[in-house]
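*Asks:* Pasting the sequence and the predicted model now:
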Amino acid sequence: MSIHRFVVRFEHHDPRSAGMLSDARALGYDNLQRIECQDLYFIEGQLSQEEMQQLALKLLSDPVTQTISWDENPNLTPPAADSVILEVSLRPGVTDPVAAEIVRAAHEIGLNGVHRAATGSRFQVTGLNVGQVEQLAKTLLANPVIQHWKLGSIEPSFPEEVESSGQVETIAIRNLSDDELLALSKDRRAALDLAEMQAIRAYCQKENRDLTDVEFETIAQTWSEHCVHKTFKAKVTFDDGKVIDSIIKTYLKSATDKINAPWVISAFVDNAGIIDFDDEFEISFKAETHNHPSAIEPFGGANTGVGGVIRDILGVSAKPIANTDVLCFGKQNVSFDELPEGVLHPKRIMSGVVAGVQDYGNKIGIPTVNGAILFDEGYAANPLVFCGCVGIAPKGLHRKTPQVGDRVIVLGGRTGRDGLRGATFSSMTMDAQTGEVAGASVQIGDPIVEKGLIDVITRARDLRLYNDITDCGAGGLSSAVGEMASSIGCDVELKKVKLKYPGLAPWEIWLSEAQERMVLAVAPENIPAKTNSALPPLPSQHRQQIFRHSHLRSRDSRRHSRQAAHGRRSRRSFRRDGSQTDWHEGHERYRPLERHQSRIRQTRRLSHGIRRHRRSHSQRRRRRR
């Protein structure tokens with residue numbers, strides 16, 4: 001198939017270009033005169049000239065502020081003699097959410113000839129020589145962890161429909177020496193110390209068999225600092241002989257147990273903490289750090305940090321409603337010479353993290369309601385990116401009781417190598433090679449997919465379609481399915497997992513921390529409801545809770561209200577507590593309206609009366625004139 005190349009540039013002022021220019025000069029590129037940022041889109045498919053024009057003007061550009069050109073109609077202005085063209089694209093296998101949306105949207109407007117898409121960026125740099133532009137690409141314009149760049153035109157990489165490689169490796173552990181055990185842990189980035197590797201060797205010797213790569217990688221993530229909190233759970237012995245058995249139990253959990261607040265519904269046992277709110281609803285809260293990923297890919301690390309806590313709220317069957325964050329960075333005026341080798345500049349880390357936090361929440365529609373930013377030289381190499389989320393849910397609908405015979409269902413995004421070994425990576429010590437060897441540990445976010453997850457799961461919750469739910473976070477399916485089936489066991493068919501690209505081994509599918517995925521335990525009789533877009537209507541009591549929480553009425557309800565206003569008979573009654581009920585003949589849905597909604601209407605009537613009074617008053621004044 002043909003590959004069509006589209007270039008989009010702003011016609012007048014582009015704030016991205018101004019920001020890039022400012023950041024580059026702050027990093028010491030004083031001779032830089034100008035940077036122009038342009039968007040690249042690569043479309044594979046059979047398209048006519050008319051269809052490409054429709055695609056360009058309807059999907060890929062804003063005709064009011066941007067101009068667009070493509071390979072069939074080149075309009076690019078040749079670069080000036082002192083300008084250098086640099087193009088950046090995602091590495092093969094890296095998630096490209098924009099490309100997926102282009103394909104989906106193109107099909108929705110009837111451009112079915114669009115087969116695949118890829119995206120990139122084009123920079124026209126003025127005032128620097130080729131060597132300086134290459135250095136600028138490494139320090140600002142591209143992140144080698146997830147992107148590759150080229151002077152001139154770059155070739156795109158497209159996602160492909162594939163199956164797993166199916167290859168399972170056996171790791172010989174029984175006869176390894178201590179030095180060889182440590183080398184194995186380092187080579188596979190397991191982040192396991194000698195005592196832990198010796199325990200694995202002893203188990204293999206006892207069972208008289210070696211481990212498969214799936215088993216070894218599962219143990220590594222399960223025993224990682226990130227998942228099991230070895231430091232916080234360890235016995236700490238002081239010089240004076242005092243022993244503390246677990247910081248978590250002694251201080252954090254014991255304080256909660258001692259206070260024993262009656263409004264604490266759940267703490268330290270689920271994806272998020274849950275507290276009582278009122279007679280109908282409960283509030284959930286979760287906060288966690290996403291430091292190591294943000295250190296090597298600031299935007300993606302922070303972006304998926306927000307996405308992770310949102311999914312934790314979904315993991316307790318709640319609807320996310322607000323985000324919060326605390327961000328700590330190194331000094332912004334530090335020179336490159338003062339930074340350790342392989343470390344991104346704190347200014348670049350900060351700009352990427354802030355952009356990642358706001359991007360995820362904005363695209364889903366969840367506001368960041370508070371937060372803080374701190375600066376200290378101790379955060380130069382490893383920032384602290386602390387993300388939190390608040391959710392709300394009707395009481396009594398969160399279920400954590402998987403049943404024998406339930407089906408394990410994975411909802412959301414596809415599985416790839418992004419996020420691979422993220423749990424063990426987050427448990428490692430950062431050094432100069434961290435970014436080079438752990439690039440696959442950085443997850444790539446797709447907030448549009450997560451918005452769909454929110455809508456589906458909250459509806460499925462109200463319809464009681466699942467018996468258990470958890471998110472795919474650290475450890476991926478190995479952790480999510482392992483926790484869910486820990487008491488009853490389960491069989492998992494990894495070949496049925498949807499993949500992003502070719503050749504993933506079974507252990508990679510099992511361990512991948514690809515984003516926007518939730519795991520549910522669903523009874524067999526409810527499977528058709530999960531796959532049918534025409535879900536059954538909500539039970540009346542659940543519909544009542546949804547409308548009461550959102551303060552909205554359905555379009556059907558508003559339509560019947562308008563019909564009643566134009567002469568159709570309607571009835572109205574008031575309860576003793578002041579709440580109001582409306583219904584209309586021929587309309588089967590019962591709509592409870594709370595006291596505050598009645599007050600809202602009264603306020604609207606009052607404001608309408610004031611406006612009407614003002615109009616009549618102005619009319620009288622005009623008559624007098």
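*Replies:* Structure's in. What do you need?

*Asks:* What's the local residue count around the nearest residue to residue 387 once chain neighbours are set aside?
*Replies:* Excluding the flanking residues, the one nearest residue 387 by CB to CB, 6 or more residues apart in numbering is residue 305, at 4.2 Å. For every residue, glycine as well, the C-beta is placed using N, CA and C. Residue 305 is flanked by 27 other residues according to other CB atoms under 10 Å.

*Asks:* can you check residue 205 too?
*Replies:* Residue 205 is flanked by 13 other residues according to other CB under 10 Å.

*Asks:* Kindly report the same for residue 393.
*Replies:* Neighbours of residue 393 (other CB under 10 Å): 25.

*Asks:* With residue 49 instead?
*Replies:* Number of residues near residue 49 (other CB under 10 Å) recorded here: 10.

*Asks:* Residue 157 too?
*Replies:* Count around residue 157 with other CB under 10 Å applied: 19.

*Asks:* same thing with residue 250?
*Replies:* Residue 250: 13 neighbours (other CB under 10 Å).

*Asks:* Tell me where the stretch 201-350 of the chain has strands.
*Replies:* Taking DSSP state E, counting those that start in this stretch as the test, the strands found in the stretch 201-350 of the chain are 211-212, 235-237, 243-245, 264-266, 273-276, 281-289, 319-329.

*Asks:* and if you look at the stretch 401-550 of the chain?
*Replies:* 407-412, 468-471, 517-522.

*Asks:* can I assume the residue nearest to residue 387 is in contact with residue 286?
*Replies:* No: Residue 305 lies out of contact with residue 286 (CB atoms under 8 Å); the separation is 11.4 Å.

*Asks:* Could you pull up the contacting residues of the closest residue to residue 281 other than its chain neighbours?
*Replies:* Nearest in space to residue 281, with sequence neighbours left out and distances taken as CB to CB, 6+ apart, is residue 392 at 5.5 Å. Shown in contact with residue 392 (CB atoms under 8 Å, 6 or more residues apart in numbering): 277, 281-284, 318-319, 321, 549.

*Asks:* Next one, pLDDT for residue 587 please.
*Replies:* pLDDT for residue 587: 36.

*Asks:* Only C-alpha atoms, please: export stretch 53-65 in PDB.
*Replies:* Output of stretch 53-65 as PDB, limited to C-alpha atoms (Å, rounded to 0.1, in the frame of the first residue of the first chain):
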ATOM      1  CA  GLN A  53      -7.700  16.500   1.000                       C
ATOM      2  CA  GLN A  54     -10.700  15.500   3.100                       C
ATOM      3  CA  LEU A  55      -8.400  13.700   5.600                       C
ATOM      4  CA  ALA A  56      -6.000  16.700   5.700                       C
ATOM      5  CA  LEU A  57      -8.600  19.300   6.300                       C
ATOM      6  CA  LYS A  58     -11.100  17.400   8.500                       C
ATOM      7  CA  LEU A  59      -8.800  15.400  10.800                       C
ATOM      8  CA  LEU A  60      -5.100  16.400  10.600                       C
ATOM      9  CA  SER A  61      -5.200  20.200  10.700                       C
ATOM     10  CA  ASP A  62      -7.100  23.200  11.800                       C
ATOM     11  CA  PRO A  63      -7.700  25.300   8.600                       C
ATOM     12  CA  VAL A  64      -8.100  28.500  10.600                       C
ATOM     13  CA  THR A  65      -4.600  28.400  12.200                       C
END
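
*Asks:* partners of residue 284 in the sheet?
*Replies:* For residue 284, the beta-bridge partners under DSSP bridges are residue 274, residue 391.

*Asks:* pLDDT score assigned to it?
*Replies:* On the pLDDT scale, residue 284 is placed at 96.

*Asks:* Check residue 504 too.
*Replies:* pLDDT at residue 504 comes out at 83.

*Asks:* Then residue 175?
*Replies:* Note on residue 175: pLDDT of 92.

*Asks:* Number of residues surrounding it?
*Replies:* Close neighbours of residue 175, defined as other CB under 10 Å, add up to 10.

*Asks:* Would you confirm that it belongs to a helix?
*Replies:* No: under DSSP: H, G, I helix; E, B strand; the rest coil, residue 175 falls outside any helix and is assigned coil.

*Asks:* what sits against it?
*Replies:* Applying CB under 8 Å, 6+ apart, no residues qualify as near residue 175.

*Asks:* in the stretch 301-450 of the chain, what spans have low per-residue confidence?
*Replies:* Applying pLDDT under 70 to the stretch 301-450 of the chain picks out residues 419-443.

*Asks:* mind listing the helices for it?
*Replies:* Taking DSSP state H, counting those that start in this stretch, the helices of the stretch 301-450 of the chain run over residues 346-364, 422-425, 434-437, 447-462.

*Asks:* Just put those in JSON lines and tack on mean neighbour count.
*Replies:* Formatted as JSON lines, those follow (neighbours: other CB atoms under 10 Å):
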{"stretch": "helix 346-364", "mean neighbour count": "21"}
{"stretch": "helix 422-425", "mean neighbour count": "28"}
{"stretch": "helix 434-437", "mean neighbour count": "16"}
{"stretch": "helix 447-462", "mean neighbour count": "20"}
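
*Asks:* Would you tell me which of these gets closest to residue 137?
*Replies:* Residue 137 sits nearest to helix 346-364 of all these, at 12.6 Å, using CB to CB.

*Asks:* about what we covered before: among the helices of the stretch 301-450 of the chain, which comes closest to residue 235?
*Replies:* Comparing those by CB to CB, helix 422-425 comes nearest, at 23.0 Å.

*Asks:* Residue 337 versus the residue lying closest to residue 365 once chain neighbours are set aside, what's the distance?
*Replies:* Spatially, and ignoring its direct neighbours in sequence, residue 365 is nearest to residue 451 (7.1 Å; CB to CB, 6+ apart). According to CB to CB, to the nearest Å, residue 451 stands 44 Å off from residue 337.

*Asks:* and what of residue 150?
*Replies:* Distance, residue 150 to residue 337, by CB to CB: 28 Å.

*Asks:* between the helices of the stretch 301-450 of the chain, which one is nearest to residue 216?
*Replies:* Here helix 422-425 is closest among the helices of the stretch 301-450 of the chain (CB to CB), at 11.2 Å.

*Asks:* list the contacts for the most centrally placed residue in the chain?
*Replies:* Centroid-nearest residue in the chain: residue 307, 3.0 Å away (criterion: CA atoms, centre = their mean). Neighbouring residues of residue 307 by CB under 8 Å, 6+ apart: 360, 445, 447, 450, 515-516.

*Asks:* mind redoing it with 6 Å?
*Replies:* Neighbour list for residue 307: 360, 445, 450, 515 [criterion: CB atoms under 6 Å, 6 or more residues apart in numbering].

*Asks:* would TSV of the residues you listed with distance to residue 225 be doable?
*Replies:* Converted to TSV, those look like this (distance: CB to CB, whole Å):
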residue	distance to residue 225
360	25
445	23
450	26
515	21
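
*Asks:* and which of those is nearest to residue 206?
*Replies:* Nearest member of those to residue 206, counting by CB to CB, is residue 515, at 38.1 Å.

*Asks:* separation between that closest one and residue 484?
*Replies:* Noted for residue 515: a distance of 19 Å to residue 484, by CB to CB.

*Asks:* Mind checking which of the two has more residues around it?
*Replies:* Set residue 515 next to residue 484 and count neighbours by other CB under 10 Å: residue 515 wins out with 29 against 21.

*Asks:* Spell out the secondary structure type for residue 31.
*Replies:* What three-state DSSP gives for residue 31 is coil.

*Asks:* Give me the neighbour count for the residue lying closest to it once chain neighbours are set aside.
*Replies:* In this structure, residue 31 finds its nearest non-sequential neighbour in residue 127, 5.1 Å apart by CB to CB, 6+ apart. If you count neighbours by other CB under 10 Å, residue 127 ends up with 18.
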